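> Fold the following.
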Amino acid sequence: MDRPSRSATVEHYKAAMLLSGAGDALGYKNQLWEYNESGPAIHQELQELGGLKNIKVELPDWPVSDDTVLHLATAEGLATGKTGEELLHEVAARYVEGMKDMEGRKPGPSSILGVSQLKPGEEGGYRVPYNPEGTGCGAAMRSMCIGLKYLDLRGISNGVGPAIWPSAYGPAERDEAYKSFSLSGWAGRSGHDAPMIALDAMLGAGPDWEELMSRAAFHGGDSDSTAVIAACCWGLLYGTKGVPEGNYCNLEYRDRLERCAEQLYALSQ
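Numbering: from 1, shown residues only. Alright, predicted model coming up:
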């Protein structure tokens, strides 16, 4: 197995942002796969399309979802180099602007409500009231946090591994496992299980992009949200090595994704 580079370069940063968008677009499939509750059915459609290597992710058929638009809002806000409350107002303003770019992207109700309550530029305008119904995965998919809550299940709580997998763990079995992580039966819909599914996919895929998408993007749950997290982290580890060029070369907002990655890399040095 290829080992990832131990030192992230600007190319890794770019791959993380770019592949995050690619994973989003692939898992979303213009609303068709995010809302398909059957992983096996998605895999059948994928096969009929000629497999992942045959997919060219570009408009109009493969747009990014709200996930990438608001992930960009976070990233581009951070890329300004602002700090403290000035940064929080900057990100809030970009979220308000990003919410204008939601036609056909299906933002969640908590995101819509929360952004509508932002008042960037006003005192405390980056804060919104606590929403007890806000159990979606928005915060996770816009910050790429990784959940570490279920390591015992995979036998890696000691930090050593190797990870343990069921003897049968194909699309149908993964659908059931992912549902077991979820709050409401829609795998990846909430902020606590979307990172767990992304991590599960990364552990199982290693450096294999096609296997990562099989596990993180093509399942019967909130597939674009889990893919956007998994693909970003995977890109940071492995770059674009082994990724079919068609999966990202004409991706919507590619220039913006790569530009803010370069800016974030510069700020990290």
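> Next, the buried residues of the helix or strand harbouring residue 17.
Using DSSP states H and E, residue 17 falls within helix 10-28. For helix 10-28, burial by neighbour count (16 or more other C-beta atoms under 10 Å) applies to 11-28. All C-beta atoms are positioned from the backbone trio N, CA, C, and that covers glycine.
> Please apply the same query to stretch 185-205.
By neighbour count with 16+ other C-beta under 10 Å, stretch 185-205 contains the buried residues 186-191, 193-205.
> re the thing from before, please identify the buried residues of the helix or strand that comes right after the helix holding residue 17?
Remark: after helix 10-28, the chain's next helix or strand is helix 39-48, criterion DSSP H and E. Going by neighbour count (16+ other C-beta under 10 Å), the buried part of helix 39-48 is 39, 42, 43, 46.
> I figured residue 228 hits residue 66, correct?
No: in this structure residue 228 lies outside contact range of residue 66 using C-beta atoms under 8 Å: 10.0 Å.
> Compare these two (neighbour count), which wins?
A side-by-side neighbour count of residue 228 and residue 66, using other C-beta atoms under 10 Å, places residue 228 first with 34 against 25.
> which SSE is the more buried one in?
Using DSSP H and E, the element containing residue 228 is helix 223-238.
> Just the C-alphas of that helix, formatted as PDB.
C-alpha atoms of helix 223-238 as PDB (Å, rounded to 0.1, in the frame of the first residue of the first chain):
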ATOM      1  CA  SER A 223     -24.100  10.700   0.200                       C
ATOM      2  CA  ASP A 224     -22.700  14.100  -0.900                       C
ATOM      3  CA  SER A 225     -22.300  15.300   2.700                       C
ATOM      4  CA  THR A 226     -20.200  12.200   3.600                       C
ATOM      5  CA  ALA A 227     -18.300  12.400   0.400                       C
ATOM      6  CA  VAL A 228     -17.400  16.100   0.800                       C
ATOM      7  CA  ILE A 229     -15.800  15.300   4.100                       C
ATOM      8  CA  ALA A 230     -14.000  12.100   3.200                       C
ATOM      9  CA  ALA A 231     -12.700  13.400  -0.200                       C
ATOM     10  CA  CYS A 232     -11.200  16.600   1.400                       C
ATOM     11  CA  CYS A 233      -9.300  14.600   4.000                       C
ATOM     12  CA  TRP A 234      -8.300  12.000   1.400                       C
ATOM     13  CA  GLY A 235      -7.000  14.600  -0.900                       C
ATOM     14  CA  LEU A 236      -4.800  16.100   1.900                       C
ATOM     15  CA  LEU A 237      -3.300  12.600   2.400                       C
ATOM     16  CA  TYR A 238      -2.900  11.500  -1.200                       C
END
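> Next, the angle helix 10-28 makes with it.
Put simply, helix 223-238 runs at 160 degrees to helix 10-28, going by axes from the mean of the first three to the mean of the last three C-alpha atoms, to 10 degrees.
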